[in-house]
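Colleague: Sequence and predicted structure below; questions after.
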Amino acid sequence: MQRGSKTGWIARVAVAGCVVWVSACRLLDTPKADAWMEQARSYALTPATDWVYPVGILRSEGAVEGAEHLLAEDGVSCRLVYENGAPKPVVILDFGRQSVGGYAVFTVTADLGAPVVRLSYACHPDGLSETGCFTRSTSARYLGPTLDLPILPANVYRHETYTIPRAGRFIAPLIQGQTRYVRLQLDTPGTEVSIDAVAMVNSEVYDRTPHDGLFLCSDERLNRLWAISTWTLQIASFPNHDAWKCVDGWLLPRKLEQAEEVGLSRDGASWGDVRIETTFELRTNPDHVSAAGIAFRAADARNAYLAEVDLDGVVKLLARQDGRDRVLCERRLSGPLLDGLRYKLEVEAFGPMLVVRLDDVEVARVEDDTFANGRVGFYTPKEKWPLFDDIRVTNARGRVLLKDDFSRGLDQWDFARTLPFVADGAKRDRLVWSGDLYFAQRSAYYASAQPVYMRDSLRMLAFNQTADGYVHASPYPERSVPPARDDFGPFPSDEFAAWLVPVAWDHLLYTGDRETLRELWPAIQRLLSYLEAHIGGDGLFQQRPETSKHACNLNLGDVRKRAYMNLLLCAVFRDAARIADELELPDEAAIARRREASLRNALDRHLWDEAGGFYREAVETPRFGAEANALALSLGLVSPERARRIAPQFKKIGHGKFQSLASRGRFEYGFAQSGLQMLFDHNWFKLLDDEWKGAWTTTECMGLMRKGWGDESHPDTAIAHHFSAYLLGVAPLEPGFRRFRVRPQVTREVSWAKGLVPTPHGAVRCEWELTNDTLELLLTVPKGTRADIALPGCLRVTVNGCVRVPTDLPAGSYRVVAEGVSAEAWHDPTLRRSTTDRQLAYSAKASSSHEMGGWGIAHLFAPDQDGAKGYSSKAHATADAEEWIEIDLGEERTLGQLVLVPRRDVVGTDGSAAGFPRAFTVELAKEPGAYTTIKKVDDTPTLGEDGLTIDLYSVIGYPAARYIRIAATRLGAPASDEAGRYRLQFARVRVLRPEELRKQP
């Protein structure tokens, strides 16, 4: 990294009087001065165009000629040949470290036979099976067994198949939200295909706006992580999640989960006799029969005629009245349709006669007079995957009523549309989550001057509020009607409902957007009333079972009086008062402050541990609550003295967003070195390892996942805000940056930093460098704002050459020099050695233990080279016996996997692993006896070479526990040398932390 010299800085101050603003966030200065900006922009990962092509070939298999020709659409093709008896031809395309999302589009130039091409998707090579990194049946179901994730119009499958009956373009049926790799495969023996290129097309799928904010510092790794974080926000920020999308001139109408399956023309309510002509293709749905459908003479989506042609060759004419369908006519063609082939569909409604033609051949005719007139449109049930090239509607005299080739937008149509929003992940869920926005939003504000995605996320949440004030945690973006009272949504959570207020305050603080907050204020008031109604006589929140899910427990039933929830409520009422102040509502502000004060008193009485110097997890569980204390620091809810007591007690938190929160909290109180250390101690920096072949995005829980449904682009673990707000040091003190603070925080790694921070008034430009005992800082304060500079103790401070206190600085450009800065100026009193590498000390006990012949409970954790056999229970006469093992890790730890290693010295009487349980549960506890079942195995699968690996990861991350209990309910086969004697036996048990998983082969 090149650092700006003092001479360069002085030269810039000399021209400060002629600074010219060229946009809201760009300073026009000397080329030399702006060189660092170009360097900062060079880290950006945002694609330059909406059509993204691969950057390389990871590998190929089988008969593949010219794989490199898939990297660009240049008229030269890659040829895949699948000879009978030969391996399938496969090419693995790498779209680059940033990964991309969108619709796959590829161009076929030649084919032989009836080839079927398969595309599958993954963000890491380990996930590139033929069906990608997960399937519909193995996708996440934590919101309910019938709720598909990701939601439409994204594809719940991670693969597609395409029959190739022609040359030309082929377009994917649905969005793949994020992928780094695409597996291109020819599935059909005896065929071949030539493909010019494969692209991922961003058709209003994610945000591609250039950054307004910039960050650059002396540590290359932080520069890259800032860019990774802001790109994560972009790939998970959706311009819309509309039901209809246009890709390369084709319309892809889809039914969203909570919207109608019919979209209609805006005009045409009086159209009677019409002829509708369109061209369509179908894509194959792996588990359902795809179809193309037309709606006509429609009063609305629930009252219309419907014509449908499906891949199986079935043609239907339906009359839909009040949402109920009546079959008017059903015909089966002589054969099925072929996916990928283009068909001409014509529907004619003249008087009561309804006719359907396919490729100019009549395939259905019926008379019906239910509907005499109405609009036209497309009918697409959830599992149907049609594509339409054009549509033309004429009346009986041939006059054109409507014509659209879908190349110029969809203004002629009414269908389910959504606001822009920030999702919790691009690959999976693709839902807004209220509780995640707080963790994500500031990284967006430091990158973008127009954070419309955050603004409209707030609107979406406020709309999805019940009459009594409860706010849905993760509403479908297409909802058009607010939820009914007692409809708590798929994730019933008072905690997530409460987050609306702190997220709204942060939006106001960073943007000054009073208009949106005034719009939201009635919803905020209803929410405040709802939350206050559940505060008990002791001043703490009384949690109801039916709304008790929270970020650390996805199950209902946790009704403890948790510090996390009550600290959050302190922030809710504090921030509501701040919002009311800004909206000039003094009475409402005063009421909110009284509620906040009452909650603070209750927290001090019931949940603050004065002797230990921390907030207890809950009244019922008085241990150190890592998440609660991280929240208290990040929200600035404690005094500096309490912060100094809390901060040293953090250990690594497995859930990355809470590790980020604890880091942010330490930065908030000036503990920069330990704040940065908390990021070092987790997985953020491992993204930069050369050996990491996954995506450059911050992930769900910050796990380094290689396959499965875990999401690789979670904005709630983005950390750009940590660097801009705390290392660079620029943060708002009043809404819209009317007043802001500049407080540089120097660490061992960061001796200089530069940046642009977007504000509604223009960019704050800040540059600082520490050289020996002198800190120099350049600052541009935009018009309409004032700045306070917070510097460490030093001998002398000058502002533009004059000795003065650098506070209340009006608009202008400033050079601030602090001389005689103490070597201890940024000393972090809370810094302690990371605990992540400490050796675990295990102990164990069991319901019974056979302690002879090389067996013994203590041998469970012996080194592999040790001659001990392992653990064995006593013998039983049948397999229907219960045995258990309890492991004490010595202290609470974050757990990644449990590996159960079978004995290998002899086999069981049936040839299986002797003594290995057939049915068992794995339970975890933080306190003795307080177990929660994490995994249940009813029929042990075939064991791998290393035994059975139990993955402990869930959608809320890796669990933390001190105690592990393995409880067998059905024992395995007896050893062949001990027939008829059933035991629970393991050679070894291995407990792996998350950071150890990447080291496994």
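Modeller: Looks like it arrived, so ask away. A quick note: this is a predicted structure, and the numbers were derived from the prediction, not measured.

Colleague: Tell me the buried residues in the host helix or strand of I524?
Modeller: Element membership of I524 [criterion: DSSP states H and E] is helix 514-532. For helix 514-532, the neighbour count (16 or more other C-beta atoms under 10 Å) marks 514, 516-517, 520-521, 523-528, 530-532 as buried. For the C-beta atoms, the positions are set from N, CA and C on the backbone; glycine is no exception.

Colleague: Redo those residues as a markdown table? Include distance to W684 and pLDDT.
Modeller: As requested, the buried residues of helix 514-532 are arranged in a markdown table below (distance: C-beta to C-beta, whole Å; pLDDT from 0 to 100):
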| residue | distance to W684 | pLDDT |
| --- | --- | --- |
| R514 | 35 | 98 |
| T516 | 32 | 98 |
| L517 | 32 | 99 |
| L520 | 33 | 99 |
| W521 | 37 | 99 |
| A523 | 35 | 99 |
| I524 | 34 | 99 |
| Q525 | 39 | 99 |
| R526 | 38 | 99 |
| L527 | 33 | 99 |
| L528 | 36 | 99 |
| Y530 | 36 | 99 |
| L531 | 34 | 99 |
| E532 | 38 | 98 |
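
Colleague: Now distance to D689 too, for the residues you listed, in CSV please.
Modeller: Below are the buried residues of helix 514-532 laid out as CSV (distance: C-beta to C-beta, whole Å):
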residue, distance to D689
R514, 45
T516, 41
L517, 43
L520, 42
W521, 47
A523, 44
I524, 44
Q525, 49
R526, 48
L527, 43
L528, 46
Y530, 46
L531, 44
E532, 49
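
Colleague: For the following helix or strand past the helix holding I524, name the packing helices and strands.
Modeller: Downstream of helix 514-532, the first helix or strand assigned by DSSP H and E is helix 563-582. Applying 3 or more C-beta pairs under 8 Å, 6 or more residues apart in numbering; DSSP states H and E, we find helix 563-582 packed against helix 494-498, helix 500-511, helix 514-532, helix 586-606, helix 626-634.

Colleague: how far off helix 586-606 does helix 563-582 point, in degrees?
Modeller: Orientation check (axes from the mean of the first three to the mean of the last three C-alpha atoms, to 10 degrees): helix 563-582 against helix 586-606 gives 160 degrees.

Colleague: Can you dump the C-alpha atoms of helix 563-582 in PDB for me?
Modeller: Below are the C-alpha coordinates for helix 563-582, written out as PDB (Å, rounded to 0.1, in the frame of the first residue of the first chain):
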ATOM      1  CA  ALA A 563     -31.200  -9.800  29.400                       C
ATOM      2  CA  TYR A 564     -30.900  -9.700  25.600                       C
ATOM      3  CA  MET A 565     -34.600  -9.000  25.100                       C
ATOM      4  CA  ASN A 566     -34.800  -6.400  27.900                       C
ATOM      5  CA  LEU A 567     -31.600  -4.600  26.800                       C
ATOM      6  CA  LEU A 568     -33.200  -4.500  23.300                       C
ATOM      7  CA  LEU A 569     -36.300  -2.900  24.800                       C
ATOM      8  CA  CYS A 570     -34.200  -0.300  26.500                       C
ATOM      9  CA  ALA A 571     -32.900   0.600  23.000                       C
ATOM     10  CA  VAL A 572     -36.400   0.500  21.600                       C
ATOM     11  CA  PHE A 573     -37.800   3.100  23.900                       C
ATOM     12  CA  ARG A 574     -34.600   5.200  23.800                       C
ATOM     13  CA  ASP A 575     -34.600   5.200  20.100                       C
ATOM     14  CA  ALA A 576     -38.300   5.900  19.900                       C
ATOM     15  CA  ALA A 577     -37.700   9.000  22.000                       C
ATOM     16  CA  ARG A 578     -35.000  10.100  19.700                       C
ATOM     17  CA  ILE A 579     -37.300   9.600  16.700                       C
ATOM     18  CA  ALA A 580     -40.000  11.500  18.400                       C
ATOM     19  CA  ASP A 581     -37.600  14.400  19.100                       C
ATOM     20  CA  GLU A 582     -36.800  14.600  15.500                       C
END
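
Colleague: can you give me the mean pLDDT across it?
Modeller: Averaged across helix 563-582, the pLDDT comes to 99.

Colleague: One more: stretch 43-52?
Modeller: Averaged across stretch 43-52, pLDDT comes to 98.

Colleague: Next, the buried residues of that stretch.
Modeller: Buried residues in stretch 43-52, counted by 16+ other C-beta under 10 Å: 43-47, 51-52.

Colleague: can you check stretch 934-953 too?
Modeller: For stretch 934-953, burial by neighbour count (16+ other C-beta under 10 Å) applies to 934, 937, 940, 947-950, 952-953.

Colleague: how about the residues you listed, which pair is most distant?
Modeller: The most widely separated members of the buried residues of stretch 934-953 are T940 and Y953, with 19.8 Å between them, by C-beta to C-beta.
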